[in-house]
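1. no sequence for this one, just the structure:
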């Protein structure tokens with residue numbers, strides 16, 4: 001059987017081989033897909049955030065094309081989702097620190113209605129904290145969570161990125177969500 005590699009995979013191999021020009025060729029090929037990942041994630045953020053989808057793509061890309069090695073397109077997009085996850089979690093932690101009085105001398109009274117529902121940042125940080133444990137026990141399930149939760153991909157898009165059937169991805173998603181819920185209740 002002849003293996004046909006995608007242009008992105010060929011460029012990833014060239015980057016691994018030390019071709020410095022290959023990194024510049026990769027971004028135009030994957031930019032639209034990375035932008036879609038970022039835009040979906042940013043759509044879940046509150047309006048008025050300073051981080052834009054474009055900034056998220058560029059920051060994630062800069063983190064990706066360092067010394068990392070990618071086996072294939074699937075591995076690259078899994079790493080991209082992980083990079084976006086880390087960027088968004090870092091931003092959420094900064095916002096949470098400010099909410100908790102980061103640098104503020106005086107305490108302010110808060111209305112109970114303001115804390116009635118968990119904030120998206122708190123949910124994101126909760127998932128982030130247990131996701132590393134899931135990655136140790138089931139790396140594929142963790143990658144799917146990163147693509148869906150942090151990357152904002154639909155089930156069809158995540159299944160394609162992981163090169164699995166939509167049904168298999170759906171089953172894995174149900175397992176991962178149940179696992180995450182159980183672990184988040186423990187904490």
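-> Done, it's in. None of these values were measured; they are calculated from a predicted model.
2. Following element in sequence after the longest helix seen in the chain, please.
-> Secondary structure of the chain per DSSP state H: the longest helix is helix 73-99. Later in the chain than helix 73-99, the nearest helix or strand by DSSP states H and E is helix 120-137.
3. And the next helix or strand past that following helix?
-> With DSSP H and E, the next secondary element past helix 120-137 is helix 139-145.
4. Who are the packing partners of that next one?
-> Where contact means 3 or more CB pairs under 8 Å, 6 or more residues apart in numbering; DSSP states H and E, helix 139-145 is packed against helix 73-99, helix 120-137, helix 166-186. Every C-beta, even on glycine, is put in place using the N, C-alpha and C of the backbone.
5. So which of these is nearest residue 38?
-> For residue 38, the closest of those is helix 73-99, at 6.4 Å, according to CB to CB.
6. Can you point out the buried residues in that closest one?
-> Under the neighbour-count criterion of 16 or more other CB atoms under 10 Å, helix 73-99 has 73-74, 76-89, 91-92, 95 buried.
7. now swap in stretch 8-25 and tell me
-> Going by 16+ other CB under 10 Å, stretch 8-25 has these buried residues: 8, 9, 11, 12, 13, 14, 15, 22, 23.
8. about what we covered before: save the helices and strands packed on helix 139-145 as CSV, and put in distance to residue 158 and mean pLDDT too.
-> Conversion of those to CSV gives the following (distance: least, CB to CB, whole Å; pLDDT from 0 to 100):
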stretch, distance to residue 158, mean pLDDT
helix 73-99, 9, 79
helix 120-137, 15, 78
helix 166-186, 6, 88
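9. JSON lines for those helices, including distance to residue 65?
-> As requested, the helices and strands packed on helix 139-145 are exported to JSON lines (distance: least, CB to CB, whole Å):
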{"stretch": "helix 73-99", "distance to residue 65": "10"}
{"stretch": "helix 120-137", "distance to residue 65": "22"}
{"stretch": "helix 166-186", "distance to residue 65": "27"}
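10. among those, which is nearest residue 62?
-> It's helix 73-99; of those, that one is closest to residue 62 (CB to CB) at 8.8 Å.
11. could you give the mean pLDDT of stretch 36-54?
-> Average pLDDT, stretch 36-54: 70.
12. Check the buried residues of stretch 8-25 and tell me the two furthest apart.
-> Greatest spatial distance among those (CB to CB): 9 and 23, at 14.4 Å.
13. Off-centre distance for stretch 25-40?
-> Relative to its parent chain, stretch 25-40 has a centroid offset of 13 Å by CA atoms, centre = their mean, to the nearest Å.
14. Report the buried residues of that stretch.
-> Across stretch 25-40, burial judged by 16+ other CB under 10 Å covers 26, 29, 30, 33, 34, 36, 37, 38, 40.
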